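Trainee: Next one to model:
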Amino acid sequence: MFPLGNSQALARKRAARRGANRYNRRDPIACDCSNVSSARAPRAVKRAPGIHFSEAAGLRHLHVGGTAIQSAMRLDAPDDLALAYTRAMMAGLLFQPEPHDVTLIGLGGGSLAKYIYRQLPQTRIVALEVDVRVVAAAHRMFHLPLGNRRLRVIVRDGARYVAAHRASADIIFLDAFVNHRQAPSIRTDAFYRCARQALRRDGVLVVNYMSDDPGLRAYLRRLAGAFDGRLACLRAIGEDNVIVFAFADDPGAVTPASLAGRAIALERRHGLEFRRLAEGIRPLDRVLIDRRALLRRSELEQANGKAR
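Mentor: Numbering: from 1, shown residues only. All right, here's what the predicted structure looks like:
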């Protein structure tokens with residue numbers, strides 16, 4: 001997410017309005033998503049945030065409810081991960097390099113879904129999104145594949161889905177925001193515990209947080225309690241994103257050295273900078289935000305002690 005300057009924002013808003021008018025809720029094409037399931041879809045909100053698009057420097061951006069960038073796509077390479085934080089989230093493969101099933105909570109422009117779909121041909125993907133307009137935008141404007149059995153898009157609250165699907169995923173990617181803050185339903189103690197139950201053995205939950213979120217440490221304490229303090233962290237270079245990995249079971253030593261071999265293999269296979277990502281992974285007590293550790297070691301040890 002990147003705030004835009006006034007002149008840029010004005011120009012892009014004008015372009016976005018022209019595009020948005022073609023993708024409103026009354027547009028029948030916008031809802032023509034053949035692989036979308038709407039089981040228990042939430043009712044439409046009367047004042048739903050506006051959805052807009054902009055293009056600059058070879059990138060197409062998705063904006064929901066403001067000028068912040070929710071998703072970005074390279075026009076000349078639609079399946080690449082254009083934003084550093086999305087590449088950082090793929091470091092989850094360091095812990096589960098060949099997942100059979102992946103759950104995505106928060107679709108946006110479908111960057112993670114497209115990358116996993118192309119790079120991991122044996123992986124089944126379920127993507128949860130509460131706004132059907134975002135799903136339509138992902139298909140029409142961001143080249144998200146339609147009608148494929150390996151990629152299911154469901155219009156539903158991700159928290160409810162996770163609670164109803166135990167032991168269903170090897171990796172859960174969590175990237176759902178409302179007005180620059182994580183959606184309320186996915187930052188609770190109950191959700192984190194359901195997420196752990198939704199993971200299979202040695203599964204990992206990968207969460208995108210914003211470093212300026214005033215509730216960040218409260219969310220992390222809940223996450224640590226649900227996952228027995230088994231957490232690791234990665235800062236996205238050049239962005240305000242903090243990627244946290246929560247492990248359903250003991251991952252063993254999580255250090256750059258312990259991950260080096262797998263990182264080299266993944267980098268050769270997928271092309272992403274996995275070695276650099278592995279070198280950036282740290283325990284939460286060694287990651288400083290505003291000169292304070294994300295969580296103190298005592299808090300992590302306390303969460304682990306309660307599990308015993």
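Trainee: so where is the stretch 201-308 of the chain shaky, pLDDT-wise?
Mentor: The model of the stretch 201-308 of the chain has pLDDT under 70 over residues 306-308.
Trainee: Show me where it has its strands.
Mentor: Under the criterion DSSP state E, counting those that start in this stretch, strands of the stretch 201-308 of the chain are mapped to 231-235, 241-247, 288-289, 292-293.
Trainee: measure stretch 286-293 end to end?
Mentor: Using CA to CA, to the nearest Å, one end of stretch 286-293 lies 6 Å from the other.
Trainee: now swap in stretch 104-124 and tell me
Mentor: Stretch 104-124: ends 11 Å apart by CA to CA.
Trainee: That one: which residues count as buried?
Mentor: 104-117, 119-120, 123-124 (16 or more other CB atoms under 10 Å). All C-beta spots, glycine's among them, are computed from the backbone N, C-alpha and C.
Trainee: So which of these sit within strands?
Mentor: Among the buried residues of stretch 104-124, DSSP state E puts 104, 105, 124 in strands.
Trainee: which residues touch the nearest residue to residue 279 once chain neighbours are set aside?
Mentor: Using CB to CB, 6 or more residues apart in numbering and skipping the chain neighbours, the partner closest in space to residue 279 is residue 256 (4.6 Å). Applying CB atoms under 8 Å, 6 or more residues apart in numbering to residue 256 gives the contacts 278, 279, 281.
Trainee: ok, now how distant is residue 256 from residue 240?
Mentor: Between residue 256 and residue 240 the distance is 23 Å, computed by CB to CB, to the nearest Å.
Trainee: Same question for residue 226.
Mentor: Taken as CB to CB, the span from residue 226 to residue 240 is 24 Å.
Trainee: how close does the residue lying closest to residue 270 once chain neighbours are set aside get to residue 79?
Mentor: The spatially closest residue to residue 270, leaving aside those adjacent along the chain, is residue 119, at 5.1 Å (CB to CB, 6+ apart). With distances taken as CB to CB, residue 119 is found 8 Å from residue 79.
Trainee: Could you do residue 153 as well?
Mentor: For residue 153, the distance to residue 79 - CB to CB - is 16 Å.
Trainee: Among these two, which residue is more densely surrounded?
Mentor: residue 153 (29 against 15; other CB atoms under 10 Å).
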